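In: Next one to model:
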Amino acid sequence: MEFRYIGKTGLRVSSICMGTMTFGSTTNEKEAFKILDAAYDRGINFYDTAELYPVTPKKETVGITEQIVGKWLKTKQRDSIIMATKIAGAASGWFVPPIRHGLTAIDSFHIKRAIEGSLKRLQTDYIDLYQMHWPDTIVPIEESLKAFDELIREGKVRYIGTSNDSAYGLTKANEISKYKSLARFESIQNNFSLLNPRFHDELANVCRRENISLLPYSPIAGGVLSGKYNNNFFSDDVRFAIYLKDKNKRVQAMANRFVNPKTLQATSRYLELAKEYGISPVTLAVSYSKHFDFIASTIIGARVFEQLEDSFKAFDFKISDELLKKIEEIQKDILYPMG
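Out: Below is the predicted model of the structure:
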């Protein structure tokens with residue numbers, strides 16, 4: 001089992017993190033426990049959730065994922081697990097979170113309300129890594145950082161991170177932390193995969209220079225890299241088939257970002273590459289997403305227990321220089337399939 005440190009912290013995490021965003025929607029509690037137990041038994045010590053989960057976020061289900069994870073957490077020794085969760089981002093444009101009446105902001109008031117809710121649902125008295133789910137474009141980042149810093153001083157949070165952030169946003173936040181003597185973002189949780197290598201463009205350089213860790217999510221691009229969308233007919237219960245039927249235009253747009261002619265063309269090439277190396281395309285995708293030196297742990301997900309094994313095999317499969325060159329050739333031929 002390979003372990004890595006997050007940023008400059010004492011958080012020593014497995015190179016694969018168990019994500020939980022479907023727990024309470026397409027994954028029931030019994031199946032969630034089965035998945036979590038399998039991950040724990042395999043040596044995974046890092047688990048990620050959010051106050052907003054499960055997806056897609058709905059007023060009647062928000063918080064259920066943390067409740068399920070909290071019940072499971074009570075069956076294990078708390079200090080054997082690195083627990084990460086997230087405060088919902090601000091309702092300042094593209095999405096209004098169905099929590100706190102849609103008035104969310106990354107200000108002192110909401111940060112304090114959010115952490116108390118998460119601690120209660122997770123049935124714990126501290127969070128190892130507390131993350132901003134997406135940036136607030138209205139509230140000054142200095143106010144946000146002061147509130148996060150207070151949580152650390154109170155012992156409710158050990159370290160903080162950001163998510164869905166930019167090179168500018170991450171750099172600005174951590175420069176403020178430096179000059180105001182506040183806790184800094186030790187991690188950034190962004191989308192990163194074979195189909196979405198944009199992190200290499202700017203953020204990888206920031207992370208390397210500042211010793212900040214990427215925690216990639218969607219390493220198999222929401223299941224697209226498994227190849228299941230490359231068939232002419234796929235099940236109505238798969239994630240993006242459900243999203244395409246959603247009344248919310250934002251949800252439909254997300255489905256089209258993941259499943260489009262370019263992503264399917266690139267996936268076809270990756271399926272051939274996986275076959276050449278005698279591995280599952282899922283193993284290839286997860287291995288790529290944890291390959292680089294700026295990555296601490298890649299966040300996998302599973303709706304059912306049976307989906308786990310190919311992801312777990314990425315613990316042992318390493319991306320060779322030869323294979324990486326072949327991957328980069330595909331990425332040059334089909335630039336930014338997800339936009």
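In: Pull up the gap between the residue nearest to residue 229 when sequence neighbours are not counted and residue 216, please.
Out: With Cβ to Cβ, 6 or more residues apart in numbering as the measure, residue 259 is the residue that lies nearest to residue 229, at 5.2 Å, once sequence neighbours are left out. All C-beta atoms are positioned from the backbone trio N, CA, C, and that covers glycine. Relative to residue 216, residue 259 is positioned 19 Å away (Cβ to Cβ, to the nearest Å).
In: any idea how far the helix or strand of the chain with the lowest mean pLDDT is from the chain center?
Out: Within the chain, no helix or strand scores below helix 239-244, which has a mean of 78 by mean pLDDT, DSSP states H and E. Centroid displacement of helix 239-244 relative to its chain, using Cα atoms, centre = their mean, to the nearest Å, is 19 Å.
In: could you pull out the strands for the stretch 101-250 of the chain?
Out: Taking DSSP state E, counting those that start in this stretch as the criterion, the stretch 101-250 of the chain carries its strands at 127-132, 157-163, 185-189, 213-214.
In: What is the neighbour count of residue 203?
Out: Applying other Cβ atoms under 10 Å, we find 23 residues neighbouring residue 203.
In: Now for it: which residues touch it?
Out: In this structure, residue 203 makes contact with 166-167, 170, 188, 190, 214, judged by Cβ atoms under 8 Å, 6 or more residues apart in numbering.
In: Let me know the closest of these to residue 230.
Out: Proximity of the contacts of residue 203 to residue 230 was ranked by Cβ to Cβ; the top entry is residue 190 with 25.2 Å.
In: what residues are up against that closest one?
Out: Under the criterion of Cβ under 8 Å, 6+ apart, the neighbours of residue 190 are 163-165, 199, 203, 214, 216-217.
In: mind listing which of those residues are in helices?
Out: Cross-referencing the contacts of residue 190 with the helices (criterion: DSSP state H) gives residue 203 as the overlap.
In: Going by neighbour count, which of the contacts of residue 190 are buried?
Out: Buried by 16 or more other Cβ atoms under 10 Å: 163-165, 199, 203, 214, 216-217, out of the contacts of residue 190.
In: wait, residue 319 sits on residue 291?
Out: Yes. Under the criterion of Cβ atoms under 8 Å, residue 319 is in contact with residue 291, at a separation of 4.5 Å.
In: so how far is stretch 78-96 from its chain's centroid?
Out: Relative to the mean C-alpha coordinate of its chain, stretch 78-96 is positioned 10 Å out (Cα atoms, centre = their mean).
In: now for that stretch, what's the gap between its first and last residues?
Out: With Cα to Cα, to the nearest Å applied, stretch 78-96 spans 33 Å between its terminal residues.
In: What residues of it count as buried?
Out: Across stretch 78-96, burial judged by 16+ other Cβ under 10 Å covers 81-92, 95.
In: and if you look at stretch 201-216?
Out: By neighbour count on 16+ other Cβ under 10 Å, the buried set for stretch 201-216 is 203-204, 206-207, 210, 212-216.
In: In contact with residue 51, which residues are there?
Out: With Cβ under 8 Å, 6+ apart as the criterion, the residues that contact residue 51 are 62-63, 66, 85-88, 99, 114, 117-118, 121.
In: which SS class is it?
Out: Three-state call for residue 51 (DSSP: H, G, I helix; E, B strand; the rest coil): coil.
In: cool, the one 4 residues further on as well?
Out: Secondary structure of residue 55, reduced to three states by three-state DSSP: coil.
In: ok, now the one 4 residues further on?
Out: For residue 59, the secondary structure call by three-state DSSP comes out as coil.
In: Give me the pLDDT value at the residue nearest the centre of the chain.
Out: Central residue of the chain (Cα atoms, centre = their mean): residue 217, 3.4 Å from the mean position. Per-residue confidence (pLDDT) for residue 217: 98.
In: Pairing-wise in the sheet, spell out the partners of it.
Out: Under DSSP bridges, the beta-bridge partners of residue 217 are residue 191.
In: Kindly report the same for residue 47.
Out: Each beta-bridge partner of residue 47 is listed here: residue 18, residue 83, as defined by DSSP bridges.
In: Tell me if residue 86 really is in a strand.
Out: Yes. With three-state DSSP as the criterion, residue 86 is part of a strand.
In: Do I have it right that it meets residue 52?
Out: Yes. With contact taken as Cβ under 8 Å, residue 86 and residue 52 are classed as touching, separated by 7.3 Å.
In: So for those two, which residues contact both of them?
Out: With contacts taken as Cβ under 8 Å, 6+ apart, residue 86 and residue 52 have residue 133 as neighbours in common.
In: So which bits of stretch 143-159 are buried?
Out: With burial defined by 16+ other Cβ under 10 Å, the residues of stretch 143-159 counted as buried are 144-152, 156-159.
In: nearest to residue 2, of the residues you listed?
Out: Distance to residue 2 across those (Cβ to Cβ) is lowest for residue 159, with 20.4 Å.
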